[in-house]
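# I need the structure of the sequence given here:
(one chain, ligands or ions: 1)
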Amino acid sequence: MPYSSDCLQPRFCTPVRAIPFRYGMLLVAFVFGLSSIVSTPARGGEQAQAPNIIFILADDLGYGDLGCFGQKWIQTPHLDRMAAEGMKLTNFYAGATVCAPSRCVLMTGLHTGHCEVRGNSAATVQRLRPEDTTVAEVLQRAGYHTALIGKWGLGEPGGGEAGLPNKKGFDYAFGYLSQSHAHNYYPEFLWRNGEKFPLGNVVHKVKEGPWGESGWATTKVRYSHDLFMADALRFVQERPKKPFFLYLALTIPHANNEGTRGTGNGQEVPDHGLYANRDWSEPDKGQAAMITRMDAGIGQLFALLRAQGIDEQTLVIFSSDNGPHREGGNRLETFNPSGPLRGIKRDLYEGGIRVPTIVRWPGRIAPGSQSDHIGYFGDFFATACDLAGVQSPAGLDSISFLPTLLGKTEQQARHEYLYWEFYEQGSRQAIRQGKWKAVRMPMFTGPIELYDLSTDLGEQHNLADQHEEIVREMASLFDRAHTPHPNWQVAPRKPAKQPGTKPRP
Ligand SMILES: [Ca+2]
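Residues are numbered from 1 along each chain as shown. I've put the predicted structure just below:
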């Protein structure tokens with residue numbers, strides 16, 4: 001059986017199979033209408049509890065940054081074990097190539113041609129509105145206890161209050177609201193349910209705002225990442241007796257961009273651990289130590305799930321919000337964080353958007369399995385609804401990949417295509433359709449590049465001249481996928497900056 005027979009809300013545990021079909025359907029419709037469901041549809045006569053869902057999001061972690069995805073230097077034994085016990089998704093994509101829009105896609109199930117937050121921007125623009133429905137809101141209405149721990153980036157004081165996490169489906173929220181604030185691993189404070197939570201760090205401030213400050217610490221007392229992991233463990237230990245959704249949005253290994261400009265090293269971590277004596281630069285040691293530190297914390301989380309006896313009731317997804325950066329003084333050559341892929345953060349080549357993704361659910365997902373199903377962050381919405389046993393809202397760009405996870409590939413629906421758009425650096429668009437990848441720079445008007453990923457994973461050979469019909473189809477899809485939005489307009493391209501000189505968020 002794919003689900004436990006335990007049910008935490010007995011009033012919903014009547015086996016549907018025992019009721020005449022039409023009355024059963026009425027009961028199901030009534031129960032769905034109550035929006036208070038924690039039990040999944042009957043399977044083989046059993047009514048079962050919906051599983052806990054933990055989505056662990058790394059920040060700027062590349063496709064090649066984990067051992068189980070080919071990393072040679074940085075040790076990630078716990079995530080490697082997660083892959084050995086679960087499923088690797090090798091064709092899974094972030095929502096965007098930078099933080100905020102990627103998280104918007106994850107939360108709303110809409111791609112960047114349709115969603116509200118399509119880039120990193122000001123608080124008044126980089127925020128969800130009351131009418132934007134998040135997956136957390138749907139899970140909350142379905143009876144889940146919901147928590148955000150870590151970085152939000154979709155609503156903050158100073159004009160983005162409508163998108164604050166406690167207003168967007170989270171019963172509990174601890175962490176950073178602003179992305180600039182989140183650059184600093186030793187901030188003066190974090191936010192806990194809308195209140196400032198002081199940490200005791202002293203910060204050299206570059207910029208202040210109602211959301212917090214950006215800068216770097218001159219006195220380091222408490223490391224935010226460690227607080228997030230400790231809070232996640234506490235949350236799991238103290239969970240109420242109903243399913244939970246934990247969105248653990250870690251900031252590792254994002255750079256402290258202001259710290260890079262101020263000190264030359266934006267890869268902030270309490271110690272370099274295993275790598276202290278390596279012949280690497282300080283930022284490279286920091287980069288490796290951050291990732292290994294994150295891995296160790298995730299190992300503690302898995303140990304806790306086992307100790308609490310909820311390992312088989314908990315589906316855990318690990319992924320990254322976009323490709324790797326070089327904004328902390330680190331060198332891409334040291335660890336090859338994109339692996340075999342072309343490009344990094346801000347590119348719409350594969351390295352900017354294809355992300356290392358692992359899903360673990362003992363007893364349900366085959367250990368050591370791997371899937372090349374083409375999915376992306378927007379699919380989390382429908383997948384979570386599938387797990388919770390509720391209907392996904394209409395009109396989303398979201399297809400559940402639960403059949404893939406459960407090995408029922410014959411039941412897996414597929415996207416006609418995936419789409420991304422990005423407004424920085426002169427703008428660009430991309431489409432993934434089957435083996436084809438199209439990239440257009442600038443948006444709408446640029447020449448369309450076409451790559452066959454089945455033979456050219458590194459996107460080195462532009463085949464546009466050899467496949468004019470496919471290019472015409474891609475042009476049509478680019479136009480079809482994009483819905484105009486007044487907040488997101490293509491700006492004239494600025495002169496290129498020298499790599500590593502003036503990193504941006
Ligand atoms: Ca990011």
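
# Buried residues, the longest helix seen in the chain. List them.
The single longest helix within the chain, with elements called by DSSP state H, is helix 282-307. Using 16 or more other CB atoms under 10 Å as the test for burial, helix 282-307 gives 283-295, 297-299, 301-302, 304-305. In this view, the C-beta of every residue, glycine as well, is placed from N, C-alpha and C.

# now do stretch 415-429
Residues 415, 417-423, 425-429 are the ones in stretch 415-429 that count as buried (16+ other CB under 10 Å).

# before we move on, what about stretch 53-71?
53-69, 71.

# now do stretch 328-347
For stretch 328-347, a neighbour-count test (16+ other CB under 10 Å) marks 328-330, 332, 334-339, 341-347 as buried.

# what's the span of it from first residue to last?
Terminal residues of stretch 328-347 lie 18 Å apart, using CA to CA, to the nearest Å.

# How far off centre is that stretch?
Relative to its parent chain, stretch 328-347 has a centroid offset of 19 Å by CA atoms, centre = their mean, to the nearest Å.

# same question, stretch 293-312
Offset of stretch 293-312 from its chain centre (CA atoms, centre = their mean): 19 Å.

# Convert the C-alpha atoms of it to PDB, please.
C-alpha atoms of stretch 293-312 as PDB (Å, rounded to 0.1, in the frame of the first residue of the first chain):
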ATOM      1  CA  ARG A 293      27.400  22.300   6.600                       C
ATOM      2  CA  MET A 294      24.000  22.400   5.000                       C
ATOM      3  CA  ASP A 295      24.400  18.700   4.200                       C
ATOM      4  CA  ALA A 296      25.100  17.900   7.800                       C
ATOM      5  CA  GLY A 297      22.100  19.800   9.000                       C
ATOM      6  CA  ILE A 298      19.900  17.900   6.500                       C
ATOM      7  CA  GLY A 299      21.400  14.700   7.800                       C
ATOM      8  CA  GLN A 300      20.200  15.700  11.300                       C
ATOM      9  CA  LEU A 301      16.700  16.300   9.900                       C
ATOM     10  CA  PHE A 302      16.500  12.900   8.400                       C
ATOM     11  CA  ALA A 303      17.800  11.300  11.700                       C
ATOM     12  CA  LEU A 304      15.000  13.100  13.500                       C
ATOM     13  CA  LEU A 305      12.400  11.900  11.100                       C
ATOM     14  CA  ARG A 306      13.600   8.400  11.800                       C
ATOM     15  CA  ALA A 307      13.700   8.900  15.500                       C
ATOM     16  CA  GLN A 308      10.200  10.400  15.600                       C
ATOM     17  CA  GLY A 309       8.900   7.400  13.600                       C
ATOM     18  CA  ILE A 310       7.600   9.600  10.800                       C
ATOM     19  CA  ASP A 311      10.100   8.700   8.100                       C
ATOM     20  CA  GLU A 312       7.500   6.800   6.000                       C
END
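
# Can you pull the residues of the stretch 51-200 of the chain lying near the ion?
59-60, 99 (CB under 5 Å from the ion).

# Which pLDDT value belongs to the residue nearest to Pro77 when sequence neighbours are not counted?
Excluding its sequence neighbours, the residue lying closest to Pro77 (CB to CB, 6 or more residues apart in numbering) is Asp295, at 6.7 Å. The per-residue pLDDT reported for Asp295 equals 99.

# rewinding a little: check the buried residues of stretch 415-429 and tell me the two furthest apart.
Distance extremes for the buried residues of stretch 415-429: the farthest pair is His415 and Gly426 at 26.9 Å, using CB to CB.

# returning to that earlier point: name the helices or strands packed onto the longest helix of the chain?
For helix 282-307, the contact count by 3 or more CB pairs under 8 Å, 6 or more residues apart in numbering; DSSP states H and E identifies strand 52-58, helix 77-85, helix 224-237, strand 314-320, helix 332-335 as packing neighbours.
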